[in-house]
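Engineer: Sequence first, then the predicted structure:
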There are 2 protein chains.
Amino acid sequence: MEGVDHLAHERKTAQFDVEAMKVVWAGSKHELDLSDRMARLVASDPVFRKDNRTMLDRKELFKNTLKKAAHAWKRLHELRLTEEEAGKMRFFIDEPAYVDLHWGMFVPAIKGQGTEEQQKKWLPLAYKMQIIGCYAQTELGHGSNVQGLETTATFDPNTDEFIIHSPTLTSSKWWPGGLGKVSTHAVVYARLITDGKDYGIHGFIVQLRSLDDHSPLPGITVGDIGDKFGSGAYNSMDNGVLRFDHVRIPRDQLLMRLSQVTREGKYVQSDVPRQLLYGTMVFVRQTIVADASRALSRASCIATRYSAVRRQFGAQDGGPETAVLDYKTQQNRLFPLIASAYAFRFVGEWLKSLYTDVTHRLQANDFSTLAEAHACTAGLKSLTTSVTADGIEECRKLCGGHGYLSSSGLPELFAVYIPACTYEGDNVVLLLQVARFLMKTVSQLTTGKKPVGTTAYMGNIEHLMQCRCAVKTADDWLNPYAIQEAFEARAVRMAVNCAQNVSKAPSQEEGFFSLSADLVEAAVAHCQLIVVTKFIEKVQRGNVGDGVKEQLQVLCNIYALNLLHKHLGDFLVTGTITPKQGALVSEQLRSLYSKLRPNAVALVDAFNYTDHYLGSVLGRYDGNVYPALYEQAWKDPLNESDVPDGYAEYLRPVLKQQVRLARL
Amino acid sequence: MEGVDHLAHERKTAQFDVEAMKVVWAGSKHELDLSDRMARLVASDPVFRKDNRTMLDRKELFKNTLKKAAHAWKRLHELRLTEEEAGKMRFFIDEPAYVDLHWGMFVPAIKGQGTEEQQKKWLPLAYKMQIIGCYAQTELGHGSNVQGLETTATFDPNTDEFIIHSPTLTSSKWWPGGLGKVSTHAVVYARLITDGKDYGIHGFIVQLRSLDDHSPLPGITVGDIGDKFGSGAYNSMDNGVLRFDHVRIPRDQLLMRLSQVTREGKYVQSDVPRQLLYGTMVFVRQTIVADASRALSRASCIATRYSAVRRQFGAQDGGPETAVLDYKTQQNRLFPLIASAYAFRFVGEWLKSLYTDVTHRLQANDFSTLAEAHACTAGLKSLTTSVTADGIEECRKLCGGHGYLSSSGLPELFAVYIPACTYEGDNVVLLLQVARFLMKTVSQLTTGKKPVGTTAYMGNIEHLMQCRCAVKTADDWLNPYAIQEAFEARAVRMAVNCAQNVSKAPSQEEGFFSLSADLVEAAVAHCQLIVVTKFIEKVQRGNVGDGVKEQLQVLCNIYALNLLHKHLGDFLVTGTITPKQGALVSEQLRSLYSKLRPNAVALVDAFNYTDHYLGSVLGRYDGNVYPALYEQAWKDPLNESDVPDGYAEYLRPVLKQQVRLARL
């Protein structure tokens, strides 16, 4: 199949410089080169093959994941990779593993919540992986409500120890990745009790397994929580269950940056501001937004390439059928997803800069923007992960029947992605947090307090409450100011409307409770506005490369106008636009889809994904889909023999009318 | 755990007779008893256990499925089950298997397309399962467009045979269930060529495997197409690939009811009307709608029971936290799904009567309602399967993190259900067919041709184009006439709007092509109207049982008003309702959710599903969720040992800093 390029004709019609767009997507030439180098390194190493993942049983899959992790550790030492390179390498290995939690949660928890002394003791061990750690917070009965956790850590002044204990079945730690079979240590969250008083949830470093033979330590029951969604997917991870039976740890394994317990058992808070913890949340959630753009771009790359290869109907005079990518019904489902992938990429990039800004402010004891930044990242985490999860499944459907095959890569991508809607804050719970922040912002408008950051537009409330959209023709919808004003007016009107309804309730809490569905819709409107705004800003900053800016303009308009069409009810019910203007949106969208069509394949090429990373016979760069599907089929274990296992016992007796006599 | 009922308090609050509702759901007392008996029979037989499905590898799973099918065949003979009972038994075994295709496609194809003589020869063999058949239509390169199939059946007058051949890779048969490893025969669809002329697609009975040893016959390459979405799920089915290398079959294995080839090779059409084939489509699609209501009710039953058990936040004074079912954001996602399950159940029931009606008319050579019935079933198939697929995933999300565990049953239910969106007509392709029918109906309104059946409302076009919704208060939205008129006006206005836009295009075909996205939306509006109408009719027919009618009324209103809220843009842009009336919909929905709340668990109890059929630790009848989750976890193969396979090779070297020396 070497040298074939069934998509060459699609690539020829591109009206922009794909190499320049690759740089825009990657963020910089440096990022592009780094990703490219690491992606190829992983793709060329047979240990990192992925195409057999869905055929392995759980134990084989898990063992293979341990192998990949060890091999990666070996390679990164051999090649003396930088931390940045090692991170990229893990990303392209593309397999959930205990290392994600060790580097992504255990180490940062010690860094963020440990004292300098604690960091000095534990971090070198963790950096060298002489210990492997996880993050044990969620319990069987308690997820979103961290304050409801039941595990206890009771201080015993007689021995200067904490006694970690699981008092109920529902207090069993449940879900932590890397816990089930691998971690030697964990940061365990438990209620700190000293002198009979419960001081709430605190983090403790607890050793779980012997460093000699890996067996669980006395008093510790630990195991895997069982099979999860999909074949392959997250089953390479040992999400775990953990119970403590009065396990004793030294007092100094309480993470003590924020609060300590003295030798006498006195609880003392340090003067380190609690707000620092929010900084970490902002960081974690911005990485989740970045992941969303990667997952959605990956799915839309597969669907776009396959849609250009797949032909159906429309043959005339025995000629080839029409590529499904040419159908408007395909375009109006797929193109907004490509546009969303770009939109999320850029809002993710901006979030990264927001995090830097927040960090600098925190260091200067400036907490003025923290609440807004926290609400903004919570909302964007929710919005981007929900859209991405649905978008991956939509891409699978856009690939028709073949999208249902594991070899299309889309089932596993979906199964491995969807936990993002639940972890680090359930998406609906997060939107309610955003809504509360919006209600607070609205209520403070009259006090003269100026809204900051992504809520700054609310300062313009008088204009936004009564402005009228000036759009008269379909082309007027290409005006970014018209778009932005419409999104701002819709968001502020929905928020104000909610605030008014809440104020009618007997109490604010009752109002929040009974109107929570409307509050969620108002929060979504606000979050969509942020993404639209950041996309418009990105386009206006002007990018190098022939035609790149024009393409981003088209994508930005598709992103915004498709949302406008989808949420037309919001815009009409708030009087933001008229029904006529709504109809013009559809007209303009049709024209935008036609503009995007010749660039579709090139726009997904710009993600610069290797065939290894895509992991899809449908998404192959060369478009040579059918031979690949055919070859992959024969690798299934069922095809090891012509006559299947079980024929003699369970098929032959049926066919030979001997089933009554058979022992089944 | 015997005797526990954590949901007893929920069942006490029900305001209706659950047993009476069970009869309504089942359709009749007879249906309820039949289902109940068969469900218990299956649940009590250890051969039919399902809880290990996701832990089996592909070969084990497949072999186990063969075992279940043989065991079922044995049991139904031992118990002398009727055809009706046998069908129910297969349904409750709840595992995709070759028998589905044998009974559901192979036998009906021979019945529908075979001559009496052919039926006499083949059906007895099939009924006794002395041969096992499948339905080989779809090809690697051709799905929706049946006319594009490439397999050829060329008549050879010298030997009086057809030569079945796969001329290209893309002509390989691909997807047929039961084909890969089991079927001895297939109905193969191929282009009939005689005397050098191509007469298009016809069905042929072709033997694939030896009845002696099950090996593929000469010239036949057959195998499984490989792993599909999810663990367990559809991987119990041997969806197959099949290639022919000039395979010869006797001339009389062309299915000859509609057309024949004479001994001399002359192609002759019979006088049997082609429309009969549409009757079969109506039949198949109404069963798919029935399946949708079962799948959605199953998912919503799991999510409802678990939401009543799961508590999160809101604890006051150390009391229990709030059941997540009490949160409005949970209710406004879940309750419309319960309502949709009921709605689909009733529209499915009506479709069954429609099929009977169509059959009677066909027998009397009356084809007047066939096109409408065909469009109606196509549209309802598309609507109900799309909503159900999304609804199952929504139910999974409503179960939070634990919904992601295979033991919740929801991942497998999703994976096994979603092909319904693609098979028997891709959902978007079907909606375009509906839209074409609607455009035709609209264009004929001026000619005085009276629209029939589900399009009859269009005869009222003059009123519907200019009527104004009379709703003034939230309670006015409880009026079924107001609801129905709003849905009728919206549907007809969207259709007329599309028709006008299509007529502006240079040609009708170009108009259809460029406006297809809008046409799909108009088709959805029409299909939603049908479901709403049939639900209203069902409620008005009045049902027995204390409080049953009141509950159905609430469900019907939730179904309709939730759709109205979701598609508010449609209703506003067509001027069907005003923004103020739109806001009243939200208000009424809040009140309806409160009415449904005390009945929620009882309403899903009315589905009468056994714990075996639900297959979910979260959906248990007794609500005893946490111990069940905990016990199930330990059954995972990874938990067979404390120290995992691979520790010595891949973990110990990392921990002991010896990875550089290790052979990986």
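Structural biologist: Nice, I can see it.

Engineer: Name the SS class of A:Thr455, please.
Structural biologist: Recorded secondary structure, A:Thr455: helix (DSSP: H, G, I helix; E, B strand; the rest coil).

Engineer: Please report the distance of the residue lying closest to A:Tyr621 once chain neighbours are set aside from B:Lys181.
Structural biologist: Counting by C-beta to C-beta, 6 or more residues apart in numbering or on different chains, A:Asp611 is the residue found nearest to A:Tyr621 once chain neighbours are left out, at 5.7 Å. In this view, the C-beta of every residue, glycine as well, is placed from N, C-alpha and C. Relative to B:Lys181, A:Asp611 is positioned 30 Å away (C-beta to C-beta, to the nearest Å).

Engineer: just A:Gly314 next, same as before
Structural biologist: A:Gly314 sits 35 Å away from B:Lys181 when distances are taken as C-beta to C-beta.

Engineer: More neighbours: the two, which one.
Structural biologist: B:Lys181 (27 against 16; other C-beta atoms under 10 Å in any protein chain shown).

Engineer: Surely the more buried one touches B:Asp224?
Structural biologist: Yes. In this structure, B:Lys181 is within contact of B:Asp224 by C-beta atoms under 8 Å, at 6.0 Å.

Engineer: Give me the common contacts of the two.
Structural biologist: A:638, B:238, B:240 (C-beta atoms under 8 Å, 6 or more residues apart in numbering or on different chains).

Engineer: out of these, who's nearest A:Glu150?
Structural biologist: Set against A:Glu150, the nearest of those by C-beta to C-beta is A:Leu638 (46.0 Å).

Engineer: What is the burial count for the closest one?
Structural biologist: Using other C-beta under 10 Å, A:Leu638 has 23 neighbouring residues.

Engineer: Which pLDDT value belongs to it?
Structural biologist: On pLDDT, A:Leu638 comes in at 97.

Engineer: out of everything not next to it in sequence, what's closest to it?
Structural biologist: Closest to A:Leu638 by C-beta to C-beta, 6+ apart is B:Asp224, at 4.3 Å.

Engineer: So the one you found sits against A:Gln632, correct?
Structural biologist: No. The pair B:Asp224 / A:Gln632 is not scored as a contact, 11.4 Å apart, by C-beta under 8 Å.

Engineer: out of these two, which sits in the busier spot?
Structural biologist: Higher neighbour count among B:Asp224 and A:Gln632: B:Asp224, with 23 against 18, using other C-beta under 10 Å.

Engineer: Could you pull up the residues touching that one?
Structural biologist: Counting by C-beta under 8 Å, 6+ apart, B:Asp224 touches A:633, A:636, A:638-639, B:180-181, B:238-241.

Engineer: give me that answer again for 10 Å
Structural biologist: By C-beta atoms under 10 Å, 6 or more residues apart in numbering or on different chains, the contact list for B:Asp224 reads A:633-634, A:636-639, A:644, B:58, B:62, B:179-181, B:235, B:237-241.

Engineer: Select from those residues every entry located in helices.
Structural biologist: Secondary structure from DSSP state H places A:633, B:58, B:62 of these in helices.

Engineer: Wait, the residue nearest to A:Tyr621 touches A:Gly619, no?
Structural biologist: Yes. Under the criterion of C-beta atoms under 10 Å, A:Asp611 makes contact with A:Gly619 at 7.6 Å.
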